[in-house]
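Engineer: I need the structure of the sequence given here:
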Amino acid sequence: MNLLHIIPRFIGGGPERHLLVLAAAWQKTDIGIRQKIVVLDPPVSAPLLIKARRLGIEILINPDLAAIRAAVAAADVVDISFWNHPRLYDLLSRQLPASRWVIQSAVAGTSQPQVLTAAVGLFPDRLVLSTAGSLATAAVHEANRRGCPVESIPALAEMSRLEGFRPRAHAGIRVGYLGLVEPTKMHPQFADLCLAVADRNVSFEVYGGGSWRGVLQQRFDAAGASDRVRFHGQIEDIRSAFEEMDIFGYPLAPDTSATSEKTIQEAMWAGIPPVVLAGNGATSLVENERTGLVCQSEADYPAAIRRLADDDSLRRRLGDAAREHAHDHFDPDRNAARFGVIFLSASESLRRSPVPLPGRDESGARKFVESLGPQGHAFTVSLAGLQDTTAVELAAAEDLIRQSSPVLANGEGGIVHYRHAYPDDPYLLFWCGLTSLHAGNTTSAERDFRSALALGLQAARVQQHLALCGNVA
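Structural biologist: As a prediction, this is how the structure comes out:
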């Protein structure tokens, strides 16, 4: 069977690694699935490209639409790694050849900008979720309505990276975080949540790349706690990182798109008890008081860390249960076999032309609004302007846009991401200006407002906001 994967990017994130773990697991069997990957948005990670080639996977980087259509026509099954990404959304709004279509959701799909809309549920022949938290989305409702099979399987983590794991002795209690060091991922009060753990015997080890390191370091410095945190940057040797941890502290942004987070799976596989905040897709990986601690509020987080730091037997009990659960539920070979069954079953069905996502040949702003479904109401109102609403309602909608969270403003699939994809769209520039103004970045806000004006946005829409930038000459 020829399986074609379509993925927005290939730079080293979880969805990319999932495909490589899938291929490695299938190599151990005689499943008979040959794979090709289409990457829509370069650049591509050189180490991952080398791994893919060693696994016998052909990679097509940034092919044009004709080449994608040819690859789809040649495949027996097309598998889409789905999240809101401008390049992917645009592709799925096009007319594509008949095939058997599988969508693997790489996001929970419950919050902006990563929304599993009803249109997403209309597209595939099979829909695979990576967290039970996605079951309530409009996409699943629509898939169920039309009889499209829906399954939930955790994304695959590369557990071979943990081979030879041995906890290493160290002074004190170390709470580890491994992931993107950005406000689009971490809880906005990450530093304060750590600092609220008053016990100076507890320190924090932060692994991962990102722009927020300096901001977090300054917060620890200002609290006189510089010695309680260490930033290690981006790493590949995750085994050594986990060997230094006693607790896995993973408080994420409230509107994160996180699902079956591989770092939580990996921590549990190593027997390190996780502490997470309730309310996101990743929470379902942890059973409170059995395989870790799930905090219902931010105030509960430092208390949970202190509780584990003070109780060796509790750490061991939760860690042992986490390890057992992970080996039962997150085993990559076992779950790869489940994916194999889905793809082979799909290959036996009739080919069909998918229902395109809405927004074909529309502006970038309109595509962005469509990608949010009903959750994008404020943007819909702003895009319509005074044609369909009152001045009061328009002002209220744009005030909501102005206060967009870092995830919605700057995260993947967010306002800035779409602005980069459609740099000449006046509404995307206007919305970027609003969020920059709210963040106190008046220079960026002024630049975006003036660009929106130059591209034809009505002056009356912009001038009141431009005046707040301090330079209206």
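
Engineer: host element of Leu60?
Structural biologist: Per DSSP states H and E: Leu60 is located in strand 58-61.

Engineer: what's the nearest residue to Gln189 if we skip its chain neighbours?
Structural biologist: For Gln189, ignoring the flanking residues on the chain, the nearest one in space by CB to CB, 6 or more residues apart in numbering is Glu298 at 6.2 Å. For glycine as for every other residue, the C-beta is placed from the backbone atoms N, C-alpha and C.

Engineer: quick revisit: can you tell me what sits against the strand holding Leu60?
Structural biologist: Contacts to strand 58-61, defined as CB atoms under 8 Å, 6 or more residues apart in numbering, come from residues 10, 35-39, 42, 44, 49, 52-53, 67-68, 71.

Engineer: And Pro332, how far from Gly433?
Structural biologist: Using CB to CB, to the nearest Å, Pro332 is found at 45 Å from Gly433.

Engineer: Between the two, which has more neighbouring residues?
Structural biologist: Between Pro332 and Gly433, counted using other CB atoms under 10 Å, the more crowded position is Gly433 (29 against 21).

Engineer: so the more buried one makes contact with Asp448?
Structural biologist: Yes. Assessed by CB atoms under 8 Å, Gly433 is found in contact with Asp448 at 3.6 Å.

Engineer: one step back: ok, the residue nearest to Gln189 - contacts?
Structural biologist: Neighbouring residues of Glu298 by CB under 8 Å, 6+ apart: His187, Gln189, Leu193, Pro251, Leu277.

Engineer: Quick one: residues contacting Ala409.
Structural biologist: Counting by CB under 8 Å, 6+ apart, Ala409 has contacts Ile415, Val416, Cys432, Thr435, Ala439.

Engineer: CA atoms only: put the strand or helix carrying the third one into CSV for me.
Structural biologist: For Cys432, the enclosing helix or strand under DSSP H and E is helix 426-438. Written as CSV, here are the backbone C-alpha positions of helix 426-438 (Å, rounded to 0.1, in the frame of the first residue of the first chain):
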residue,chain,number,x,y,z
PRO,A,426,-5.2,44.9,5.4
TYR,A,427,-7.4,43.2,8.0
LEU,A,428,-4.7,40.9,9.2
LEU,A,429,-2.3,43.8,9.5
PHE,A,430,-5.0,45.8,11.4
TRP,A,431,-5.6,42.9,13.8
CYS,A,432,-1.8,42.5,14.4
GLY,A,433,-1.7,46.2,15.2
LEU,A,434,-4.5,45.8,17.8
THR,A,435,-2.7,43.0,19.5
SER,A,436,0.7,44.7,19.4
LEU,A,437,-0.9,47.9,20.9
HIS,A,438,-2.3,45.8,23.7
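
Engineer: same for it, what does it pack against?
Structural biologist: Applying 3 or more CB pairs under 8 Å, 6 or more residues apart in numbering; DSSP states H and E, one finds that helix 426-438 makes contact with helix 364-372, helix 377-384, helix 391-402, helix 406-410, helix 415-421, helix 442-454, helix 459-466.

Engineer: what's the closest of the ones you listed to Tyr207?
Structural biologist: Closest approach to Tyr207 among the helices and strands packed on helix 426-438 (CB to CB): helix 406-410, 20.5 Å.

Engineer: and the closest one, how far from the chain's centre?
Structural biologist: Distance, stretch centre to chain centre, for helix 406-410: 12 Å (CA atoms, centre = their mean, to the nearest Å).

Engineer: Quick check: mean pLDDT of it?
Structural biologist: For helix 406-410, mean pLDDT is 96.

Engineer: and that helix, C-alpha only, in PDB?
Structural biologist: The C-alpha atoms that make up helix 406-410 are tabulated as PDB, following Å, rounded to 0.1, in the frame of the first residue of the first chain:
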ATOM      1  CA  PRO A 406      -0.500  35.100  23.100                       C
ATOM      2  CA  VAL A 407      -1.600  31.800  21.700                       C
ATOM      3  CA  LEU A 408      -4.200  33.400  19.400                       C
ATOM      4  CA  ALA A 409      -2.100  36.400  18.500                       C
ATOM      5  CA  ASN A 410       1.300  34.800  18.000                       C
END
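
Engineer: Secondary structure class of the closest residue to Ile7 other than its chain neighbours, three-state.
Structural biologist: Once flanking residues are discounted, Ile7 sits nearest to Ser81: 4.2 Å by CB to CB, 6+ apart. Here Ser81 is strand, with the state taken from DSSP: H, G, I helix; E, B strand; the rest coil.

Engineer: Ok, Val276 next?
Structural biologist: strand.

Engineer: where does the chain have low pLDDT?
Structural biologist: Of all residues in the chain, those with pLDDT under 70 make up the ranges 471-473.

Engineer: thinking again about what came up before, out of the helices and strands packed on helix 426-438, which is closest to Thr131?
Structural biologist: Closest to Thr131 of the helices and strands packed on helix 426-438, according to CB to CB: helix 406-410, at 16.7 Å.

Engineer: hmm, back to that, now do the next helix or strand after the strand holding Leu60: everything it contacts.
Structural biologist: Moving toward the C-terminus from strand 58-61, the next helix or strand (DSSP H and E) is helix 65-74. Applying CB under 8 Å, 6+ apart, the contact partners of helix 65-74 are 2, 4, 6, 36, 38, 60, 63, 78, 91, 94, 96-97, 99.

Engineer: Serialize the residues you listed to TSV and add fields for neighbour count.
Structural biologist: As requested, these are exported to TSV (neighbours: other CB atoms under 10 Å):
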residue	neighbour count
Asn2	14
Leu4	23
Ile6	25
Lys36	17
Val38	24
Leu60	16
Pro63	14
Val78	26
Leu91	19
Arg94	14
Leu96	20
Pro97	16
Ser99	22
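
Engineer: can you redo these as TSV with distance to Arg352 and secondary structure?
Structural biologist: Formatted as TSV, the contacts of helix 65-74 follow (distance: CB to CB, whole Å; DSSP: H, G, I helix; E, B strand; the rest coil):
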residue	distance to Arg352	secondary structure
Asn2	17	strand
Leu4	16	strand
Ile6	17	strand
Lys36	21	strand
Val38	20	strand
Leu60	23	strand
Pro63	23	coil
Val78	11	strand
Leu91	17	helix
Arg94	16	coil
Leu96	11	coil
Pro97	10	coil
Ser99	8	strand
